[in-house]
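K.L.:
What follows is a predicted structure for the sequence shown.
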Amino acid sequence: MGVTRCLGAQGRGVRPALGKVIVGLMAIVPAIALAPVGPRPAKKESADLLIVNARLITVDADLSLFDPGAVAVKDGAIAAAGPSPALAARFAARSTWDAHHKIVMPGLVNTHTHAAMTLLRGLADDLPLDRWLEDHIFPAEAKNVSPEFVYDGTLLGALEMIEGGTTTFADMYYFEGDAARAVEKAGLRAVLGETWIDFPAPDHRDLASTIAVTAEFVRRWKGSRRVVPAVAPHAPYTCSRETLLAARELAVRNGVPLLIHVAETKKELEDARAKWGQSPVAYLDGIGFFAGTGPGTGVPVVAAHCVWVDGADRALLKARGAAVSHNPESNMKLASGIAPIADMAREGLLWAIGTDGPAGSNNDLSMLEAMDFAGKLAKVSTLDPTVLAARDLVVAATRSGARALGLEGKIGSLEPGKRADLIAIDVRNAHVEPFEDAYSALVYTAKAADVTDVWVDGRRLLSDRRPTTLDAKAIVAAAVAWRQKIRQSLHP
């Protein structure tokens, strides 16, 4: 009886404990049954921006194209580019943008402009180069070019370039420090060359002041994230031997690019032969202009135009590592001639594409148009429809342009580690669809107005065709006011 009572007492104490154990086991068993078999899923990599579902043109060495493709951006650089499903599984992004119905590609690189000359657009047309310059442009510049002119004009050019998909441009003009301020405001990337010329310019009067102004400009901007200062002797026919060599020396000493016009017109070639007994290219080489420049030196040389160059000239340019900036619309409009770009491409000479200044030698800054004209002009001039295929022109307007400016390590293709300079182009419209080849669609049918979105260093400069860094209405209003002022200065 006492034992029974004892067991009963123990039983009453044990049953609740056993109940808790059983309940606990019942809770554990389903958890074990539902536990995944194998390793846990890998943690996704972080990104700031993931662009998905694009027709992706990378312009890498293999010309890789992904459809649908994606680009991941982190800290202003490209983290990855490839198939859209793979990157969507790999990255967790703060922002995801669907590029359905759009081509996404590297930003366009314009290797020759005079951006501030947008304010002189259409001032004089349908004239040969020498009369256009001497009778109209030089007088207008002498009376109007100032820091404010250059700043406002470069802003106008920057706005046009952003809206047309250009993310990097090379410039030759005056007050380039003020052009740099405009570039910084716009968010673009640029190689800005202070122009040297053997007559009083708006911001320097003689060689000594030219050297001083340029040296200070280089000192101020060298090392900038998006602005590369450069030295820009105008041309062999406007710069003495002393000026040309002083420009080269300053560029070499500071490790910055050299930008120059070379062999643009037949008259220039004829005058060079009469004066020096040789072509402009041979003359530059003979005086040592190319010494210390070229690949590996940090001093790329970009020779704009090179319309009137023969095989010997092209061989010299290639041997010296110089690049040619081909400006087809300018050469056509000024009747300067047709540059032998098909020969340059066949011979392995580095060439890229530019628009030239929008004052009358071209009138716009559209690189999409420049690609189209470059291809068609080469075909009709050689009577060969196979030269300069569409993909060659896209390469010239992106990767080759970056290489010409010494920026191939940073931009020109969508590859991991390069800066996130990229654009989106809407192709779901009546003048592009339907198409088979993305390169062909870009070169022969797409227009500047088809560009919808632009990023530089991962920062969005154009969003659904709306500028995000610039006040378009204010910039255009300032341009109209400048035109009235310029007209009054020329016709008081």
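P.N.:
Sure thing, it's come through. Numbering: from 1, shown residues only.

K.L.:
Next up, the contacts around P147.
P.N.:
F175, G177, D178 (C-beta atoms under 8 Å, 6 or more residues apart in numbering). Backbone N, C-alpha and C define where each C-beta goes, glycine included.

K.L.:
Distance check, the closest residue to the first one other than its chain neighbours against A170.
P.N.:
Spatially, and ignoring its direct neighbours in sequence, F175 is nearest to V150 (4.1 Å; C-beta to C-beta, 6 or more residues apart in numbering). In this structure, V150 and A170 are 16 Å apart, going by C-beta to C-beta, to the nearest Å.

K.L.:
sorry, back to before: surely the residue nearest to F175 touches A180?
P.N.:
No - counting by C-beta atoms under 8 Å, V150 stays clear of A180, with 9.8 Å between them.

K.L.:
Which one of those two is surrounded by more residues?
P.N.:
Counted by other C-beta atoms under 10 Å, V150 and A180 do not tie: V150 has more neighbours, with 27 against 24.

K.L.:
tell me which element the more buried one falls in.
P.N.:
helix 147-163 (DSSP states H and E).

K.L.:
Quick check: mean pLDDT of that helix?
P.N.:
Averaged across helix 147-163, pLDDT comes to 98.

K.L.:
Give me the buried stretch members for that helix, please.
P.N.:
For helix 147-163, burial by neighbour count (16 or more other C-beta atoms under 10 Å) applies to 149-163.

K.L.:
repeat for stretch 99-114
P.N.:
99, 101-114.

K.L.:
quick one, domains of this protein?
P.N.:
The chain breaks down into these domains under automatic domain parsing: 45-100, 113-413.

K.L.:
Isn't G412 up against R403?
P.N.:
Yes - with contacts counted by C-beta under 8 Å, G412 reaches R403, the gap being 6.7 Å.

K.L.:
Which one's more surrounded, these two?
P.N.:
G412 (29 against 20).

K.L.:
contacting residues around the more buried one?
P.N.:
G412 neighbours (C-beta under 8 Å, 6+ apart): V59, P106, V109, T398, R399, S400, G401, A402, R403, K418.

K.L.:
Please flag which of the buried residues of stretch 99-114 sit within strands.
P.N.:
K102, I103, V104, M105, P106, L108, V109, N110, T111, H112, T113 (DSSP state E).

K.L.:
how about these in JSON lines, adding pLDDT?
P.N.:
Below are those laid out as JSON lines (pLDDT from 0 to 100):
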{"residue": "K102", "pLDDT": "98"}
{"residue": "I103", "pLDDT": "98"}
{"residue": "V104", "pLDDT": "98"}
{"residue": "M105", "pLDDT": "98"}
{"residue": "P106", "pLDDT": "98"}
{"residue": "L108", "pLDDT": "99"}
{"residue": "V109", "pLDDT": "99"}
{"residue": "N110", "pLDDT": "98"}
{"residue": "T111", "pLDDT": "98"}
{"residue": "H112", "pLDDT": "98"}
{"residue": "T113", "pLDDT": "98"}
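
K.L.:
Which of the residues you listed sits closest to G296?
P.N.:
T111 (19.6 Å; C-beta to C-beta).

K.L.:
From L156, how far off is that closest one?
P.N.:
20 Å.

K.L.:
What segments of the stretch 51-200 of the chain are strands?
P.N.:
65-74, 77-83, 91-98, 102-106, 108-113, 166-173, 189-196 (DSSP state E, counting those that start in this stretch).

K.L.:
do you know which of those lies nearest K266?
P.N.:
strand 108-113 (19.5 Å).

K.L.:
pull the CA atoms of the closest one into PDB?
P.N.:
The C-alpha trace of strand 108-113 is given here as PDB (Å, rounded to 0.1, in the frame of the first residue of the first chain):
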ATOM      1  CA  LEU A 108      29.500  55.300 -78.100                       C
ATOM      2  CA  VAL A 109      32.900  56.900 -78.300                       C
ATOM      3  CA  ASN A 110      33.200  60.100 -80.500                       C
ATOM      4  CA  THR A 111      36.900  60.500 -81.300                       C
ATOM      5  CA  HIS A 112      36.700  64.000 -82.800                       C
ATOM      6  CA  THR A 113      34.500  67.000 -81.800                       C
END
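
K.L.:
Mind giving me the packing neighbours of it?
P.N.:
Here strand 108-113 touches strand 166-173, strand 301-305, strand 323-326, strand 351-353, helix 367-382, helix 399-404, going by 3 or more C-beta pairs under 8 Å, 6 or more residues apart in numbering; DSSP states H and E.

K.L.:
mind checking which of the ones you listed is nearest P229?
P.N.:
strand 166-173 (10.6 Å).

K.L.:
quick revisit: and A342, which of the strands of the stretch 51-200 of the chain is closest to it?
P.N.:
strand 108-113 (18.2 Å).

K.L.:
how far off strand 301-305 does that closest one point, in degrees?
P.N.:
If you take axes from the mean of the first three to the mean of the last three C-alpha atoms, to 10 degrees, strand 108-113 sits at 80 degrees to strand 301-305.

K.L.:
now what about strand 108-113, what contacts it?
P.N.:
157, 161, 164-172, 259, 302, 304-305, 323, 325, 327, 352-358, 365, 367-368, 370, 397-398, 401-402, 404-405, 407, 411-412, 423.

K.L.:
Check stretch 413-422 too.
P.N.:
Residues outside stretch 413-422 that contact it (C-beta under 8 Å, 6+ apart): 49, 51, 56-60, 71, 73, 76-81, 104-107, 167-168, 189, 398-399, 402, 409-412, 454-458.

K.L.:
quick one: average confidence on that stretch?
P.N.:
Here the average pLDDT along stretch 413-422 is 98.

K.L.:
So what's the gap between it and the chain middle?
P.N.:
In this view, stretch 413-422 has its centroid 12 Å away from the chain centroid, taken as C-alpha atoms, centre = their mean, to the nearest Å.

K.L.:
same thing with stretch 351-364?
P.N.:
The answer for stretch 351-364 is 14 Å, by C-alpha atoms, centre = their mean.

K.L.:
same thing with stretch 384-397?
P.N.:
With C-alpha atoms, centre = their mean, you get 18 Å for stretch 384-397.
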